[in-house]
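Novice: Structure, please.
(one chain, ligands or ions: 1)
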Amino acid sequence: MSVSREQLVRAAATFGTPLYVYDAGSITAQYQKLTKAFSSINARFFYAAKALTNQAVLKHIGSMGCSIDCSSINEVKLAIRAGFTPDKILYTSNSVAFAEIQEAVSLGVFITIDSLSNLDKFARTYGNQYPVGIRLRPNIMAGGHVKISTGHATSKFGIPMEQLDQLEKLVVSYQLSVTTLHIHTGSEISDASVFAQGLAFLLDLAERFSTVSILDLGGGFKVPYREEEKEIDLKEVAQQVKIAFEAFEKKHGRSLQAWFEPGKFLVAQSGYLLATVTVLKPSDTICFAGVDSGLNHLIRPMFYEAYHPISNLSNPSGNLQRYQVTGNICETDDFALDRALPEIREGDILAIHQAGAYGFEMASSYNARVRPAEVLIQEGEQYLIRRRETLEDLLIQQIIL
Ligand SMILES: *Cc1c(COP(=O)(O)O)cnc(C)c1O
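Specialist: I've put the predicted structure just below:
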């Protein structure tokens, strides 16, 4: 644990539960790992903002020198508010109204387009006056769960390869300034060879598009969720990129830059969801430990069958017993099914680990329960970076007749 148990206990005591706590130091350490592993190649990193968009977190990430990848025009605007300049912002659009792309152009950010339809509108509106990236569908199956695989042969993401002829015609006839070719094949990719495969696919295409100088390999770097899991070997990815780039440069006399869009890699392990045990319910099969949170705050276990380590902050050295840790929502919302944990008593505080990415960000107010507060730990200090919602927050957008 990069944050001590005492720090988490203190955060819960100060700010109450349920509570998201993020450790800025962990984000910095992950970023340094990235830059170090890729130091021998020309690479840029764009944090995939959709993992966690709190302004304090974005500012911290910007302060490290990292760029940012956005999946909606509002994320672009949040990035600008957090101090990212347009030359550090990438808008990876998917099924968006063309007006959003026009807005992104007016903000001056990098844009990646993932359909012929929008690329055609882009070509007719801007011709070669604005650089553009193209997202392709490489038909590679990758990632930790089918819901987070995004580059396979039936995925909605990217321009399908059978449209390559049409794509080339469009690019040639409008002389489009295609700077970037992009793929993002999935999340939780543990196998470096997936990136090599993606790279080979992009290099093939880069030969056909002479204006391309950037290959964007997307995100998806695996971080461990279970103890026995391993982080992806970044040095191996870097080595493969290096070899492939050098061969390409030799053959074509043009140098390339690699872009990556890590989300989970930067923030997953920085985050903890703290919850208080409200009810213990022994049954003939297992003891349920009900907490003051649920799938409304962390949907990953129910949505992706994701595993999150859990620790009992209040009784760390208690005898191990088996529990089904579950939420308080009118819906089956387990955090853990049959987990050995130090004896749990009502009132104990549990920490759900690896909750920084796609945790708060996917939270909702389902069951009219409010979303948690968020705290950032920075150099030993604990900062409240979002107050807990209230009933009034749930009503504020409603128009009461
Ligand atoms: C979600 C997403 C990412 C980040 O994926 P992680 O698994 O969190 O690293 C990167 N690029 C694009 C285009 C995405 O949609």
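Novice: At the contact with the ligand, which residues of the stretch 101-250 of the chain appear?
Specialist: His184, Ser187, Gly218, Gly219, Gly220, Phe221 (Cβ under 6 Å from any ligand atom). Using the backbone N, CA and C atoms, a C-beta is placed for each residue, glycine as well.
Novice: quick one: the strands in the stretch 301-401 of the chain?
Specialist: 310-312, 320-326, 334-342, 349-352, 373-378, 381-386 (DSSP state E, counting those that start in this stretch).
Novice: Quick check: neighbours of the first one in the sheet, parallel or antiparallel?
Specialist: Sheet pairing here is set by DSSP bridges, and for strand 310-312 it gives strand 349-352 (antiparallel).
Novice: re the thing from before, would you turn the residues of the stretch 101-250 of the chain next to the ligand into TSV with pLDDT?
Specialist: Below are these laid out as TSV (pLDDT from 0 to 100):
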residue	pLDDT
His184	93
Ser187	90
Gly218	96
Gly219	96
Gly220	95
Phe221	96
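Novice: Please work out which of the strands of the stretch 301-401 of the chain is packed deepest.
Specialist: Counting by mean count of other Cβ atoms under 10 Å, strand 349-352 has the highest mean neighbour count of the strands of the stretch 301-401 of the chain, with a mean of 26.
Novice: ok, residues contacting that strand?
Specialist: The contact list for strand 349-352 (Cβ atoms under 8 Å, 6 or more residues apart in numbering) reads 5, 8-9, 12, 17, 272-277, 289, 291, 298, 308-314, 325, 335, 341, 344.
Novice: Give the buried subset of the residues you listed as a ChimeraX selection command.
Specialist: Entered in ChimeraX, the line below selects the buried ones among these, by 16 or more other Cβ atoms under 10 Å:
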select :8,9,12,17,272,273,274,275,276,277,289,291,298,308,309,310,311,312,313,314,325,335,341,344
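Novice: can you list the strands of the stretch 301-401 of the chain in CSV and add distance to Glu75 and mean pLDDT?
Specialist: Rendered in CSV, the data for the strands of the stretch 301-401 of the chain read as follows (distance: least, Cβ to Cβ, whole Å; pLDDT from 0 to 100):
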stretch, distance to Glu75, mean pLDDT
strand 310-312, 30, 98
strand 320-326, 32, 98
strand 334-342, 27, 98
strand 349-352, 25, 98
strand 373-378, 17, 98
strand 381-386, 16, 98
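Novice: got those strands as JSON lines, with distance to the ligand columns?
Specialist: Compiled in JSON lines, those are given as follows (distance: least, Cβ to the nearest ligand atom, whole Å):
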{"stretch": "strand 310-312", "distance to the ligand": "21"}
{"stretch": "strand 320-326", "distance to the ligand": "24"}
{"stretch": "strand 334-342", "distance to the ligand": "20"}
{"stretch": "strand 349-352", "distance to the ligand": "18"}
{"stretch": "strand 373-378", "distance to the ligand": "18"}
{"stretch": "strand 381-386", "distance to the ligand": "20"}
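Novice: which one of those strands lies closest to Ala238?
Specialist: Closest to Ala238 of those is strand 373-378 (Cβ to Cβ; 29.1 Å).
Novice: can you tell me which helix in the protein is longest?
Specialist: Using DSSP state H, we find that the single longest helix of the chain is helix 234-252.
Novice: what comes into contact with it?
Specialist: Contacts of helix 234-252 (Cβ under 8 Å, 6+ apart): 33-34, 37-38, 40-43, 192-193, 195-196, 199-200, 203, 206-207, 217, 221, 254-256, 258.
Novice: at 7 Å instead, please
Specialist: Here helix 234-252 makes contact (Cβ atoms under 7 Å, 6 or more residues apart in numbering) with 33-34, 37-38, 40-41, 192, 195-196, 199, 203, 207, 221, 255-256, 258.
Novice: where along the stretch 201-350 of the chain do the helices fall?
Specialist: 234-252, 264-267, 300-304 (DSSP state H, counting those that start in this stretch).
Novice: could you pull out the strands for the stretch 51-200 of the chain?
Specialist: Using DSSP E, counting those that start in this stretch, strands in the stretch 51-200 of the chain cover 67-70, 89-92, 110-113, 132-137, 159-160, 178-182.
Novice: With distance to Thr285, mean pLDDT and mean neighbour count as new columns, can the ones you listed be given to me in a markdown table?
Specialist: Below are these laid out as a markdown table (distance: least, Cβ to Cβ, whole Å; pLDDT from 0 to 100; neighbours: other Cβ atoms under 10 Å):
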| stretch | distance to Thr285 | mean pLDDT | mean neighbour count |
| --- | --- | --- | --- |
| strand 67-70 | 44 | 98 | 26 |
| strand 89-92 | 45 | 98 | 27 |
| strand 110-113 | 49 | 98 | 26 |
| strand 132-137 | 44 | 97 | 24 |
| strand 159-160 | 47 | 94 | 18 |
| strand 178-182 | 48 | 98 | 23 |
